[in-house]
Each structure stands twice: as structure tokens, then as C-alpha cells.
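Asks: I'll drop the sequence and a predicted model, then ask my questions.
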Amino acid sequence: MSDNVRVYEIAEEAGASSNEVIAKAKDLGIELKSPQTAVSFEDAEEIANYIMTGKSSKLKKPAAKIKKAAPKTEEKPEVKTEEKKAIEDAPKKEEVKVEDNKEEEKTEETVEKPEEKPLKSVSPKKIIPKRRGLKIIKKKKPQEKIETSNDEIATPASNIKKPMKSLSEILGGNDLNDNPSEKAAPAPQSKAPVKKKEKKKQPAKSHDHGKVIEFEAKSTQEFNDNSDESLLGEEVVLLDMDLADTSKLFDEPKQNQDNKRQSRSSRPAAFGNRPQGLKRGKRKKRIKREVEEIEITEITIPEDVRVYEFAEACGKSPAEVITVLFGLGMMVTKNDFLKQDELEILGEEFGIEVTVKDALEDANYVDDYEVEEVDDSNFVTRPPVVTIMGHVDHGKTSLLDKIRSSKVAKGEAGGITQHISAYTIEQNNQKITFVDTPGHAAFSAMRARGADVTDIVIIVVAADDGVMPQTEEVISHAKASGCPIIVAVNKMDKETANMDMVKAQMAEKEMTPVDWGGDIEFIGVSAHTGQGIDDLLENILLQAEILELQADPDAKAKATVVESLLEKGRGPVATVIVQNGTLRVGDNIVCDTTYGRVKAITNDMGKPVKELGLSETGNVLGLNDVPVAGSFMVAQNSDKEAREIATTRAEHARAKELSKSTKVSLEEMSGLIAEGKIKQLPVIIKTDVGGSLEAIKGSLEKIQNEEVKVKVIHAGVGGITESDLILASASEGCIILGFNVRPTGSVKQKAKADGIQINTYSIIYDLIDDIKDALSGMMTAVIREENTGQAEVRDTFVVPKVGTVAGCLVTDGKVIRGGHARIIRDGVVTYTGKISSLKRFKDDVKEVSNGYECGIMFDKFNDIKVGDFIETFIQIEEKREIDL
Ligand SMILES: Nc1nc2c(ncn2[C@@H]2O[C@H](COP(=O)(O)OP(=O)(O)OP(=O)(O)O)[C@@H](O)[C@H]2O)c(=O)[nH]1
């Protein structure tokens, strides 16, 4: 009740301007400065009433009240007629009002307010108008009520004297049949309404609220005399409406509802009583109702949505979402990301259609490119991109070298192709781009990527070796790529070369040669002599012709990154194959999460070029970071555009990474619990090129069993830096693995000082073997038992304060002091422990051999019986190796 009302609010209520309000307030002796000035509710009511009725108790203070009371008696007939109407309407009103249970709240407000009034103004008359929102109507006999109400009004004096009732009193005393006179108590309330009604109906509303009680009461005495019991069996309806409202209930139901809401406002009754109410309270209620009423039937959410975000979108609580998933055995917390299947389940459960929005919708630069740039009207034939795959040492690099007449293999550490590289050659004035893939199994992921940009796959099989395990793997990858396959049977120069053997083995793998009725071309070649190479190239071109490879050379460039590295002095370098358009120096490019401007391009021969055409390959400089091998490089209209796409994608990638770390299924949870035993070897991997990085990371992550595993804390392209050392020191036992990178100067010294182990490698097998050894060392040793001997208990001696000594004969092997032993009685092991004392006669001995007698005592065990057998054994710790 201490709330204040601002002038503009009064103006709004009274339908006047703020200035008018200020002026009228002045008449009442209330000084108001501006529309923002706050006044008490009492004053506000006075002012509003004064504006609307032209009358106010504040104009003539105590006298006015009396005056008001007086005309009331004269005017009562008028009141009565209205009241009569109300009573007549009452049964109808009941039906409507009964629905609104919240009416009780209103009555509480109305009772409190009048109680305050007597403190201020002496006369109870003043109080009575404050009562509002109470309408006590007896359900039956409405006619009687009219009569009684007439009588009541005839006794205004008693009403005036009547002190204000509490809510309970009012409720308890409104048996209208028995005590109609008590309703007279609020009679003075009608003074204001009566006056208002003299002028016009509208303003009267505010003061009519309390009248219903009034007209049904006969006398204050009766009112008081009423007991709660008197209401038993009667239906009492409490309405927060005045007479004017009552009529509106039927005429304008909507407006009436509004009134109901208003009256529920926490505003003081005197002012809040007004039909229009104050806006603040009103708005609140409305908003609440609207929220409740909205039924969510469909939602659109981003791909990575957390439980609480989903719950919010559905208008549910996170607990409801968690409960549903929990019921299905999925353990989630409110911060966990929801998977696709979980979203589907939840959608079904809540009856909500869930649409998953692509989080990268605005940064899907590859899709956008396809839509905007690819125009088949400009298509021309493009050179094929060929990937050579095969088992290690079957001669992929040698073959490519022969084709290009260069010796790439020589420079490679350990003679192994460490990463994908691409080259373009010309055959009969037609270009062919080759992609060389490494032979090691660790690079299988990269091979799969290689096949993605590939038009034709060449599987190299050594004619002397035939199909090897990796050949089989390669076949699967090649088939999965859907590309035409050509088998190059290499090393045909060798005496042991056996084309038919290769064909037969390949046919077993559903790679039937054309001359055997299949569809795979087998070309015998020799990387050494150059035999069959032309034939191979001709075949490639033939296949390309069949494929009708086409692209638009005039479009903006789209290329695939087949390799990436960080080069000192040059920055990030991406080896790309152009798939559409022409990539030029100066192009603004985006490459997944990286972006930049093409600073320079070098072709596969290392020569600077201005542009790369269709299917051509080269190294691109100018990206802000090392891109992921396999990502698409697309030219953008502006630097800003490129940056925005890359930034959005980088943020999304980060969120994804985060989501991975928080997503835990029930299955994983139990795994994690068991993981208390799992030992992790934290590593940081640094490599010279992106391809090696991924391959090493992938291989290391695969090295794990139920007990040990590698935990890659960080993996990056580039040299080992101090920040790597900081990262390593934060993780106990972390090893830094450098592949083709080495720590220098301060980094080396700091690592030594901090005791951080840095292992560098140039051969991937060595790195993997080292890690396997390290993991094996971390595995718990297996304890193996080895029986050493057996002794039979022939006698027992109890030595006071010492224990029982078993007099034994060693029947097998030897018994060792301090060794482990089992006591076997009737074939059952009754004790397992350690031999604490071993004697021959009186002497302590270390061991007693087969056929000799001895005295044996056990550690804290004396229950030894004649006829028991003592089996002795030793425990041998055996180191295990990680088995992969
Ligand atoms: N006799 C003979 N030897 C060959 C031929 N092609 C390759 N070699 C030899 O086979 C070995 C392996 O050749 P690479 O070209 O390195 O084989 P790769 O498949 O590229 O091997 P990785 O790079 O380790 O995957 C080398 O010693 C070559 O000299 C060939 O046609 N005839």
C-alpha cells in the first residue's frame, strides 16, 4: 500500500491530461510539479474522483463526509434500483463468477485497505468506500434480497457507526437470508457512487465496488451476530465488481474480464478499484497469461543445442528433459549437448516438431559456391585427378617418379612417403594430376580423403609380392570412393614377377580383370624400366574421357587442400588441387576455419605462377593459419566475407569440440567409471605438415586397451614452442612428440630445466613403436605363480608364546623361508600366507629341499594339523606389452 502513483497515470485513469490533473490536485491542496510526480494512492484516488465527479472529500474535509452521507439516504432509492438490477442479475452472475477462483485474493486486498483508513480519517464512513471487490450474493431467493436491501438502506445511521469488518467477519456474517440487515454496514460506501451516479454512470464505478455487501445487510448488529455456521449450506460468491461492472458482465464480457484482472492488482483498493485499473499491474497479468496459453508445437534449434537451451525452446524445464532421457537410459546434465536421436525422442515425447537448423547455415561456403558459381554453360573438359594407392614398398613413389622423371623417394626419410603430395604431368598434350598417398596404414584416413578429390584410382601391386594386407585396405577405399579403378602391376621387370598371380588374387577380392571377363584394367608396368607407363597413362585418359570430367574455368576458384604445412618465413602453405574455376594471386580465400589473400602460388615444380587452372596443383601462400588437409578452399568476393565465414566456422568448431567433451552417454559413463583404472599417457604432437599430424594423431589414439591409452593434449603443425612446454608441464608425465620438427635453443634448454621429455622422430614407425613401449611400461605387470615345492605335516608342536610349529617332510621341490604357502587340508586350501620361520633342527635355514625334514611356522596362523599339506610358491611379475 505504500506504492505511489504518478501524475500521468492518474491522468490516464481519469481520461484527463497531466496538466489537468496537476490543476485539479491543486484545488484539493495537493501540490504536484510534473507528470512524473508521485502521489499516494489515497491522494491519487481523490484527484481522479475529483476530476471525474467534480467532487472530493478534500474540498470540504470532515463536513464533506457528513454531507456525502446525508444525500446518500436521499439518493438511496437510486442506489437501490441499481442494486436491484444487480440482484436480479445476481444468479446469472454467479455462474460466471464462480469460475474465477482468484476472486478470494481480491477480497483480502479489500479488507486490508479499509483497516488502514480509520487511522487517518476518523469517520468509518470514509473507510467503507475503500472496501471493494466483495459481492456476497446468496444463490437462492434473489427476490428476497431486494426487499431486505431496501430495508437496510433505511438504517444508514447504524451503518455509519459500524466499524470496518475483517474479511473473515464479512465472510462469516453474510447469510443474507437470516441477517440481511448486517449488509447495511457498508452503506456509507455508497456515498461516492451515489454522487457519481447523479452525474454519470462511468465514474461511479470506482465506488460501487463495495456496495453489494451494503445493500444486503440489514443492520450492523445482525452483521456482527452472524456466525460462520449460518453460511453452511449456502453458496457465497465473492465478486470483485461494482454494479456498473455487473451490467457489463453481460453486455461486454471482454471488458469485464479485464476488470477482473485489474482488481487482482496489488494496488491499493481505493485507486486500483477503478475499472480501468493501473497499467502496470494489468500488463503483468496479461503477459503471464499469454505465456501460459501458448502451446509450443514446433521449434527450430541449432544443431548443437544444450539440454537447458532445448528445454527453454520447448517451454519445459531442464528437469523434464533430463527425466525423459534418463528414463531411456541416457544420462545427461543440463549443460550437455543433445544428439540427433535424443532430439528426436524428446520431440516425440513432448509432441513438438523439432527442426534442426544448420549451425553453419550462414557459413556454408561450399554449398553456397555450388549454388552461386557452378554454371554448366561454361563447362569445359578438365584434366583427371588420379590417386595412386598401394601396399608399402610396392613402388608408388617410384612409379610417380618415373612418370614425372624425378626422384622424390630419395629425399624421403626412411624411404617412405610421409605425406600426400600432388603433381601434374602431361601425356599427349593432355594433363593428368597425380596424388601420391603414403603406404602406411596410419595414413588410411588421408587416403580416404585423397580419394575424395580423385577421379580415378590406381592401385599399385608389386608383381612379385601380390596382394598384401594394405592392398586389401586400398581396394576397400577405392571401391568406397566410387571412382574407376586401374590396377598397375609394378615391378614387371623382376624375374619373380607374376601377373597371373596378381590377377588371380585381385579377382578373389572382386577385382576381376577385363581379360577375365571383369571390368578392371590390369596394366603391367615397371617403375625402373618405364615399361607399360605410356599404356597406363593412355588408360587413364581413356577413363577420363568416359567420365566426361568438366568444370568452369571462369568461375571463382574452388580447390581442395591435399596437404598443408607451416613453413618458416613463408607461413602456412596449402597444397591444393583446383576443382573449379581459376585460383589467382590476390584472391580472397576461405578454407574452413582459415582465411586470407593469396600472396603467392608455386606450382608442383616449385616455380611461382600467377594462377592455377582446372585440376592443376600447387602451393598456396597467404592463409592466416594452417588449414586442415581435405578442406575446401573457395575464393570469396571480399576479405571481410572470407574472414566472417572462417570466424564463424572456427567458433562452431570450438563449440563442437566442447560438445564432444561434455557429451557422455550411459555407456560411456560406465566406461568412465571403470576408467579409474585407465592410465593415460599425455602427449603433445608437433609435426612439419598437416597430413602427418593427422595420421600420427589418429594412429596414437588407436593405441589403447582396457588399461592404458594415449591422451593427445595438443596437436599442431609447426616447431616445438615454449607454449608447448607450458602445456606439457601442466599435465603430469606429458611427452612432447616432434615429427620432422626439433626443439632449438631456449626451448631445448627450458625443456631440460623443467624436466619435460621431448622425443623427435623422422620415421613414423619409430614414433608409434616408442609410444607402444611407453604404454606397455605403464601397464600393470601380470603376477604369475610358480610352485616351488610341497611338504607334508607329520607332527605339530605348540611353543608357548610363539605359536604352533609344523614338523614337516618336504615331499616335492623345496620350501623357502619368507615364501608364500598354502595349507591344504583334505584337498581344500584352508590358509594362504607367508612362511615366517623355517628351521632344520634348531637352526634357521633359507630353504629345505625335497626329502628333508623341517619345522615351519606361519605368520599369525597356528591352526595346523597333522596330515595337512603345505604348498609353497613364488610370485613372478611379468611385464605386459600393448597388443595391437
Ligand atoms: N625392380 C623394381 N623395383 C622397384 C620398382 N618400383 C619400385 N621398386 C623398388 O621398390 C622399393 C619401394 O619403392 P617405393 O617407390 O618407395 O614404394 P612406395 O610404394 O612408394 O613405398 P612407400 O613410400 O613406403 O609407401 C624401392 O626400393 C624401389 O627401388 C620396379 O618397377 N622394379
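Replies: Great, that's in hand.

Asks: Tell me how many other residues surround Pro572.
Replies: Using other C-beta atoms under 10 Å, the number of residues around Pro572 comes to 22. (Glycine included, C-beta is placed from N, CA and C.)

Asks: OK, contacts around it?
Replies: With contact set as C-beta atoms under 8 Å, 6 or more residues apart in numbering, Pro572 has these partners: 564-566, 594, 621, 623-627.

Asks: Give me the domain ranges for the chain.
Replies: Following the TED database, one finds the domains of the chain at 4-53, 314-356, 666-778, 782-878.

Asks: Pro469 is nearest to which of the ones you listed?
Replies: Among the domains of the chain, the nearest to Pro469 by C-beta to C-beta is domain 666-778 (15.3 Å).

Asks: which pair in the contacts of Pro572 spans the largest distance?
Replies: Leu565 and Asn624 (14.8 Å).

Asks: Neighbour count for the two, which is higher?
Replies: In terms of neighbours (other C-beta under 10 Å), Leu565 is the more surrounded of Leu565 and Asn624; the figures are 23 against 16.

Asks: State the helix or strand in which that one lies.
Replies: Assigned by DSSP states H and E, Leu565 belongs to strand 558-567.

Asks: Also Ile645?
Replies: Assigned by DSSP H and E, Ile645 falls in helix 639-662.

Asks: Can you list the buried residues in that helix?
Replies: Across helix 639-662, burial judged by 16 or more other C-beta atoms under 10 Å covers 642-646, 648-650, 652, 659.

Asks: got it, and stretch 299-308?
Replies: 299, 301-308.

Asks: Check stretch 852-870 too.
Replies: Buried positions in stretch 852-870, judged by neighbour count with 16+ other C-beta under 10 Å: 854-858, 861, 864, 868-870.

Asks: and these, which of them are in strands?
Replies: 854-858, 869-870 (DSSP state E).

Asks: Just the closest of these to Glu372, please.
Replies: Comparing these against Glu372 with C-beta to C-beta places Phe858 closest, at 86.7 Å.

Asks: dump the residue contacts of that closest one.
Replies: The contact partners of Phe858, by C-beta under 8 Å, 6+ apart, come to 803, 821, 823, 831, 833-836, 864.

Asks: Kindly recompute the last result at 10 Å.
Replies: Listed by C-beta atoms under 10 Å, 6 or more residues apart in numbering, the contact set of Phe858 reads 803-806, 821, 823, 831-837, 864, 870.

Asks: Bridge partners for it, pull those for me.
Replies: Here Phe858 sits in beta bridges with Ile835, Phe861, going by DSSP bridges.

Asks: What separation do you get for it and the ligand?
Replies: For Phe858, the distance to the ligand equals 62 Å [C-beta to the nearest ligand atom, to the nearest Å].

Asks: Now the helix holding Ile645 - C-alpha only, CSV.
Replies: The C-alpha atoms that make up helix 639-662 are tabulated as CSV, following Å, rounded to 0.1, in the frame of the first residue of the first chain:
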residue,chain,number,x,y,z
ASP,A,639,38.3,-10.1,-47.4
LYS,A,640,35.6,-9.3,-45.0
GLU,A,641,33.4,-12.1,-46.3
ALA,A,642,36.2,-14.6,-46.1
ARG,A,643,37.1,-13.6,-42.6
GLU,A,644,33.5,-13.8,-41.4
ILE,A,645,33.0,-17.2,-42.8
ALA,A,646,36.2,-18.5,-41.3
THR,A,647,35.5,-17.0,-37.9
THR,A,648,32.0,-18.4,-37.8
ARG,A,649,33.3,-21.8,-38.7
ALA,A,650,36.1,-21.6,-36.2
GLU,A,651,33.7,-20.7,-33.4
HIS,A,652,31.5,-23.6,-34.5
ALA,A,653,34.4,-25.9,-34.5
ARG,A,654,35.3,-24.8,-31.0
ALA,A,655,31.7,-25.4,-29.8
LYS,A,656,31.8,-28.8,-31.4
GLU,A,657,35.0,-29.7,-29.6
LEU,A,658,33.4,-28.6,-26.4
SER,A,659,30.3,-30.6,-27.0
LYS,A,660,32.4,-33.7,-27.6
SER,A,661,34.0,-33.2,-24.2
THR,A,662,30.7,-32.8,-22.4
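
Asks: Against which helices or strands is it packed?
Replies: Helices and strands touching helix 639-662, by 3 or more C-beta pairs under 10 Å, 6 or more residues apart in numbering; DSSP states H and E, are helix 365-372, strand 588-591, strand 594-603, strand 632-636.

Asks: of these, which approaches the ligand most closely?
Replies: Among the helices and strands packed on helix 639-662, the nearest to the ligand by C-beta to the nearest ligand atom is strand 594-603 (22.3 Å).

Asks: pLDDT on the closest one, on average?
Replies: On average, the pLDDT along strand 594-603 is 92.

Asks: partner strands of it, parallel or antiparallel?
Replies: Within its sheet, strand 594-603 is paired with strand 588-591 (antiparallel), strand 608-609 (antiparallel), strand 617-623 (antiparallel), according to DSSP bridges.

Asks: Sort out which residues of that strand are buried, please.
Replies: 594-598, 601-602.

Asks: and what of stretch 391-403?
Replies: Along stretch 391-403, these residues count as buried under the neighbour rule (16+ other C-beta under 10 Å): 391-403.

Asks: What of stretch 457-467?
Replies: So, applying 16+ other C-beta under 10 Å, buried residues of stretch 457-467: 457-467.
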